[in-house]
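In: with the input below, show me the fold.
(chains A and B)
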Amino acid sequence: MLTKSLGHSFTNAFAVVMLFTAVSLSGIGAAEAQDANTVVMKNFDFSPMSLTVKAGTTVTWKNLDGEPHTVVSADGFFRSHALDQDDTFTFKFDKPGTYKYVCSIHPKMMAAIIVQ
Amino acid sequence: MSSDTEVSESRRGALKCLAFGGAGTLFVLSGGVLAPIDLAMAASKKARHSVAGIPLFLQISDTHIGFSKEANPDVAGTLKQTIDLVNAMPVKPALTIHTGDITHLSKPEEFDMAAQLLAGLNITELHTVPGEHDVTDGPGTEYFNRFGQPSGNRGYYSFDHNGVHFIALVNVMNFKPNGLGGLGDDQLAWLEQDLKGRSASTPIVVFAHMPMWTIYEPWGWGTGDADQAMTHLRRFGSVTVLNGHIHQIVQKVEGNITFHTARSTAYPQPTAGNGPGPGPLKVPSDQLPKMLGVTSIKILAHPLSASLTDTTLS
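Out: Take a look at the predicted model:
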């Protein structure tokens, strides 16, 4: 009897934990369309245009446009090759500072990574 | 067969010109007035005699070898079709001008494939300028390894053929902050020198990737310092400016200068402002061949004029 009720309780508790986890995960999923350290190229814009990260973070860029884009640091710190649709580029920011960059093919596309 | 063409009036408002692209239409531009010539008549013996010995050139543009997304999964195939179309033309052009974006991502294998395909043209003489897709690595190492020789790796150069003076300009390596292309001071100084002392009756053909006039600034469709180049060219009796980049035909006539952008052989783009940006435009597959093609340019000495024929794949 005791085992049975313990079993039920455990199952219930487990179910509650799973439900809570599922809700939490979906909550995160709904609130942020992309990972916290990601910049996307969409409709000829970098989004977000300004991203703040901690020193030591690796930032990922992903191109969602049908047109290739590049990620080129204004001060020569990093440069991607041409990114086709769905291609990604990553760079690890060790030193604090503001890193401005552009798409070299479409220089009107400008953004910055702020490293703290 | 005819394609819609956006036209802007010349600033002086002196002329209204409309050129239709499509198989079967030929317009002669003479003294700034367009007159249609029936292709059938042009092919007749009488007409052929009068066009004999007139230099004929081909402009091909935006082949984007390496592109493989929805708008055209087989750009090598449409380039091959274009080459077959050119090889079947009744009069063989003397040389080919490629106005850039030979490749999609500047990759060596893309340049290799493009060279292989273009070798299928029965026209052996090829002159190129880079598009921004050809120099995405910054210095344009791959492009210049293959095509840098005529310009000593500067990208800009000139040559003569049958009395026509051709000028190749690079406007994709010096972008303006507003996104327009740029020529830069060195190239402008070279251009001025190159034109010095030439007779105004020398027919001039200028070719560069990005439009040499502002078609639509929000999408970077223009060249920031092109006006400076045009001041050196204005005194000539016939100037034809051939550009690419926008994957559609837009033309403008300003005095003795005809500006023309060509279709791509890979994929079309939206017309100015009709979309989120100047990216590939997906159209129904039966529509695609009508939006891809090449341009033939005929230079006449008497009267001094240029005629352009735009041909589509279907």
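In: where in chain A is the helix or strand with the lowest mean pLDDT?
Out: Lowest by mean pLDDT, DSSP states H and E among the helices and strands of chain A is helix A:2-31, with a mean of 51.
In: wait, what's in contact with B:Ser158?
Out: Counting by C-beta atoms under 8 Å, 6 or more residues apart in numbering or on different chains, B:Ser158 makes contact with B:165-168, B:194. From N, CA and C alone the C-beta is placed, and that goes for glycine too.
In: for it, name its beta-bridge partners.
Out: B:Ile167 (DSSP bridges).
In: what's the answer for A:Tyr99, then?
Out: Beta-bridge partners of A:Tyr99, as defined by DSSP bridges: A:Ile113.
In: per-residue confidence for it?
Out: Note on A:Tyr99: pLDDT of 97.
In: pretty sure it contacts A:Asp75?
Out: Yes: applying C-beta atoms under 8 Å, one finds A:Tyr99 in contact with A:Asp75, separated by 7.3 Å.
In: all helices of the stretch 151-300 of chain B, in order?
Out: Secondary structure of the stretch 151-300 of chain B (DSSP state H, counting those that start in this stretch): helices at B:185-195, B:226-233.
In: any chance of those in JSON lines, with mean neighbour count, distance to chain A and mean pLDDT too?
Out: Output for the helices of the stretch 151-300 of chain B, formatted as JSON lines (neighbours: other C-beta atoms under 10 Å in any protein chain shown; distance: least, C-beta to the nearest C-beta, whole Å; pLDDT from 0 to 100):
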{"stretch": "helix B:185-195", "mean neighbour count": "15", "distance to chain A": "18", "mean pLDDT": "98"}
{"stretch": "helix B:226-233", "mean neighbour count": "17", "distance to chain A": "17", "mean pLDDT": "97"}
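In: now these as CSV including distance to B:Phe207?
Out: As requested, the helices of the stretch 151-300 of chain B are exported to CSV (distance: least, C-beta to C-beta, whole Å):
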stretch, distance to B:Phe207
helix B:185-195, 13
helix B:226-233, 12
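In: can you tell which of those is closest to A:Lys42?
Out: helix B:226-233 (30.3 Å; C-beta to C-beta).
In: what are the contacting residues of that closest one?
Out: B:169, B:171, B:183, B:188, B:191-192, B:195, B:204, B:206, B:212-213, B:223, B:239, B:257.
In: repeat the analysis, applying 6 Å as the threshold.
Out: Residues outside helix B:226-233 that contact it (C-beta atoms under 6 Å, 6 or more residues apart in numbering or on different chains) are B:188, B:191-192, B:195, B:212, B:239.
In: who in the stretch 101-250 of chain B is up against chain A?
Out: Counting by C-beta under 6 Å from any C-beta of the partner chain, the residues of the stretch 101-250 of chain B lying close to chain A are B:105-106, B:132, B:136, B:175, B:179.
In: more neighbours, A:Tyr99 and A:Asp75?
Out: A:Tyr99 (20 against 10; other C-beta atoms under 10 Å in any protein chain shown).
In: put the buried members of the contacts of B:Ser158 into a PyMOL selection.
Out: When burial is assessed using 16 or more other C-beta atoms under 10 Å in any protein chain shown, the buried subset of the contacts of B:Ser158 is captured in PyMOL by this command:
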select buried, chain B and resi 165+166+167+168
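In: what's the closest of the contacts of B:Ser158 to chain A?
Out: For the contacts of B:Ser158, the minimum distance to chain A (C-beta to the nearest C-beta) is 20.6 Å, reached by B:Ala168.
In: contacting residues around that closest one?
Out: B:129, B:156-157, B:207.
In: scan the residues you listed and report the most crowded one.
Out: Top of the contacts of B:Ala168 by neighbour count (other C-beta under 10 Å): B:Val129, with 30 neighbours.
In: show me what secondary structure element comes after the least confident helix or strand of chain A.
Out: Later in the chain than helix A:2-31, the nearest helix or strand by DSSP states H and E is strand A:38-42.
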